[in-house]
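[1] Provided below for reference: sequence and predicted model.
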Amino acid sequence: MKIAVIPARGGSKRIPRKNIRPFLGKPIITYSIRAAHETGLFDHVLVSTDDEEIASVARAAGAETPFLRPADLSDDQTGTLPVIHHAAEWLASQGRAAEHVCCIYATAPFVTADALRDGYERLQAAQADFALAVTPFPFPIQRALRITEAGLLQPVDMKAITMRSQDLEEAWHDAGQFFWAKPSCLSENIASLLSRAVPVPLPPHRVQDIDTPDDWRRAELMFRALSEN
């Protein structure tokens, strides 16, 4: 059995009610729910939330909300892995243990069914425990600069600053859309999992982290442009 879990707590601060805020006219969480259903992969699509309004919006979009998330997993300090682990354990306690779990973030309107299926196929092909959606940095991170206490610029890596960009290793970062995991590894820390994770590459034009109002505006503009094309 395969399950999708969408974590969506109610206490977002930088963007209030972020997980159900309208994104181009629809609650943003509905994009993740729709993509999960469109894969045809999942036996259950769950939303893990501590908020009754979010739960109601999720059910209206076709997700299950069989429990409200405990308070000790709903504060600012709780990471994603414990939340997904709790959901998988809850299902297992109901006699519905999953073989694979996919975490899909609630504010990921660019996530697609094709990318989710690709992630599962890569996980299976590699016989891996963990697969993470990633995207390349748009600029060589080896050429990063810092601002000194004197207010001057200083290269982080003096040697790399003079190298050609094509001679520098490409670097990747978490795309903030989804990951696949075997339930047995969800109790581990993320550093341990990343050391044996399979990458699921996504193109930069389909990735936008949404943490601030400016991010939100940029994401809507990007989504409109993609839809028009």
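    Good, I have the coordinates. Numbering: from 1, shown residues only.
[2] biggest helix in the chain by residues?
    Looking across the chain with DSSP state H, the single longest helix is helix 213-228.
[3] show me what that one is packed up against.
    Applying 3 or more C-beta pairs under 8 Å, 6 or more residues apart in numbering; DSSP states H and E, one finds that helix 213-228 contacts strand 22-23. For the C-beta atoms, the positions are set from N, CA and C on the backbone; glycine is no exception.
[4] contact partners of the helix or strand following the strand it packs on?
    Downstream of strand 22-23, the next assigned helix or strand under DSSP states H and E is strand 26-27. Strand 26-27 is touched from outside by Asn19, Ile20, Arg21, Val57, Ala61, with contacts defined as C-beta atoms under 8 Å, 6 or more residues apart in numbering.
[5] filter the residues you listed down to the ones in helices?
    Val57.
[6] which members of the contacts of strand 26-27 are the farthest-apart pair?
    The distance between the two most remote of those (C-beta to C-beta) is 14.1 Å, for Arg21 and Ala61.
[7] neighbour-wise, which of these two wins?
    Counting neighbours by other C-beta atoms under 10 Å for Arg21 and for Ala61 shows that Ala61 has the greater number, 20 against 15.
[8] could you measure that one against Gly79, distance?
    If you measure Ala61 against Gly79 using C-beta to C-beta, to the nearest Å, the figure is 25 Å.
[9] ranking helices and strands of this structure by mean pLDDT, which lands last?
    Every helix and strand of the chain was ranked by mean pLDDT, DSSP states H and E. The lowest is helix 190-194, at a mean of 91.
[10] no further queries at this time; thank you.
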